[in-house]
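Undergrad: Sequence and computational prediction follow.
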Amino acid sequence: MIKLYVNPNLEKGHINEEIYGHFSEHLGRCIYEGIYVGEDSEIPNTNGMRNDVVTALKDINIPVLRWPGGCFADEYHWKDGIGPKESRKKMINTHWGGVLEDNSFGTHEFMELCRQLGCKTYVNGNLGSGSVQEMSEWIEYMTFDGVSPMSELRAKNGRTEPWKVDYFGIGNENWGCGGNMLPEQYALEYRRYQTYVRNYDHAKPIFKIACGANVNDYEWTKKVLEYTHRHALKEAHGFMDGLSLHYYTLPEGWNLKVSATDFDEKSWYKTLNKTLYMETLIKNHGAIMDEYDPDKKIGMIIDEWGTWFNVEPGTHPGFLYQQSTMRDALVAGINLNIFNKNCDRVKMANIAQMVNVLQAVILTDKEKMLLTPTYHVFDLYKYHQNAQLIDSKLEGIEMIGLEDEYMVPNLNESISMSKDGKVHMTLNNLSISDSYDIEGIFIDSEVKSVKGRILTDEMNAYNTFDNPENVSTKEFLDFKITHKGVSIKVPPCSVLHLEIEV
Ligand code: AHR
């Protein structure tokens, strides 16, 4: 029998709500169609934002939204996206399909979207092709409360009050699409650009995020910290508050993208195995960060994660529109449990991307909308937001899979205590075929009541616009309160949430 030890009295750290963050880029149908349809659309909207999408995102307590990219961020010139829509400059979205970008969704629209969602704002600045002055003026435009050229321009465009910029990224993937820079080069640029990201309101300082590594480029992490860390540590809001990390799950690597829906058992285990690599990356980058920042003042910001499969047949290859199955659900469950368990260093994570792109939580087709299995995982996990991670340990787990190289542990968990004193357990069963009996042993506490919801189905089950509820959560009753805690039977291929009163 597998044992799960839980100690509700041993708190291991605060789980920032931002770990449940999202990412929205000007890419394919994420912003346009997926979120923003314009005020004149027949699709029900509020100030141009789709009501159905906004409501669904509010239901999972979306805490923070990153925008406008991604690679798009380092080509984005914010002044093209303000003022009367008819006179906004158009541009070619060279990264993503070479389509025309009319800039009808800009700073005001993003801030309005975040207002409707009730979430924090994470704006990603342009270091790759924008000037220091441009970045500095954007900050002034968004946050300065007083008389200045940029605040007057903002007022002229209909907004007198400044907005709150919670997070600001200084470049994106500057080792690649953001300028192909060397780490030393980026670090020096970073020092200069971040100087002009002014905190006009000292009561609400902007959390500055430096571009971090691509996957396992540890040299990048080392070099960027070497050039910037001292100043980061001098005061709470020095040179850098966060350092990003990007890691996508690609079962066969970049050169052989696989179908999102048509896959076999081998591919299932390989995908989950590759997802588990996230833990290694966090530990290894974290160890380098510890050398420079032993008190863990700098947050690891995993602002792009998720699966990257082939686009749906017949769709634009540059739009990265893919379906999401139970395999994606497990990828999400595994990643989120890893983030929770490393919440001492991981301060934010943003799934790529929110709507219609890569591992989206929502897909749209004109007026129709569906929630993907990944959405349901966010729904099951939302109770961890701002909770305290508590000590837990699985004993007796097995390694399962079909190929030695790509074995995975059969189960994976994280457990927290929310402010109201309830314990929230999220548990993934990675096996396609086997269910497992788990004896939950609660240390120095008695389990009084348990409520459960589960997402479980065939490995490649997914939702379609004709059958949008094919995969969804249901009540879970396969547990028994015992004198030691709670015993649970977890079905194969499942993501489970238990709310436990102790
Ligand atoms: O999310 C899609 C792209 O992946 C982003 O634009 C870029 O940052 C990353 O390479």
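TA: Received it, and whenever you're ready, just let me know what you need.
Undergrad: burial measure for H384, as a count.
TA: H384: 28 surrounding residues under other C-beta atoms under 10 Å. All C-beta spots, glycine's among them, are computed from the backbone N, C-alpha and C.
Undergrad: For the stretch 301-450 of the chain, what lies in contact range of the ligand?
TA: Selection of the stretch 301-450 of the chain residues close to the ligand by C-beta under 6 Å from any ligand atom yields 304, 352-353, 358.
Undergrad: For stretch 255-267, which residues meet the burial criterion?
TA: Counting neighbours by 16 or more other C-beta atoms under 10 Å, one finds that the buried residues in stretch 255-267 are 258-261, 263, 267.
Undergrad: Out of the residues you listed, which comes closest to P162?
TA: Using C-beta to C-beta, A260 comes nearest to P162 of those, at 41.5 Å.
Undergrad: Quick one: residues contacting the closest one.
TA: Neighbouring residues of A260 by C-beta atoms under 8 Å, 6 or more residues apart in numbering: 307, 309-310, 312, 322-325, 328.
Undergrad: Next, the nearest residue to it once chain neighbours are set aside: phi, psi?
TA: Nearest residue to A260 in three dimensions, chain neighbours excluded: F309, at 3.8 Å (C-beta to C-beta, 6 or more residues apart in numbering). For F309, the backbone dihedrals are phi -110, psi -180 (criterion: degrees, to the nearest 10).
Undergrad: Let me know whether F309 touches D262 as I believe.
TA: No: counting by C-beta atoms under 8 Å, F309 sits too far from D262 to count as a contact (10.0 Å).
Undergrad: hmm, back to that, out of the contacts of A260, give me the one that has the most neighbours.
TA: Going by other C-beta under 10 Å, S324 tops the contacts of A260 with 31 neighbours.
Undergrad: Just the pLDDT at the spatially closest residue to it that is not a sequence neighbour, thanks.
TA: Sequence neighbours aside, T372 is the residue nearest to S324 in space, at 3.6 Å (criterion: C-beta to C-beta, 6+ apart). At T372, the model reports a pLDDT of 98.
Undergrad: dump the residue contacts of T372.
TA: Per C-beta under 8 Å, 6+ apart, neighbours of T372: 323-324, 328, 359-363, 462-463.
Undergrad: Buried residues in stretch 471-486, which are they?
TA: Quick answer for stretch 471-486 (16+ other C-beta under 10 Å): 471, 473, 476, 479, 485-486.
Undergrad: what's E279 in contact with, if anything?
TA: 338, 342.
Undergrad: Show the pLDDT at the residue in the stretch 1-150 of the chain that the ligand sits nearest to.
TA: Closest to the ligand within the stretch 1-150 of the chain is G70: 2.7 Å, counting by C-beta to the nearest ligand atom. pLDDT recorded at G70 is 97.
Undergrad: what number of residues lie near the nearest residue to it once chain neighbours are set aside?
TA: Closest residue to G70 apart from its sequence neighbours, by C-beta to C-beta, 6+ apart: E25 at 3.7 Å. Residues near E25, counting by other C-beta under 10 Å, number 28.
Undergrad: same check, this time on the one 4 residues further on
TA: When neighbours are defined as other C-beta under 10 Å, R29 has 20 of them.
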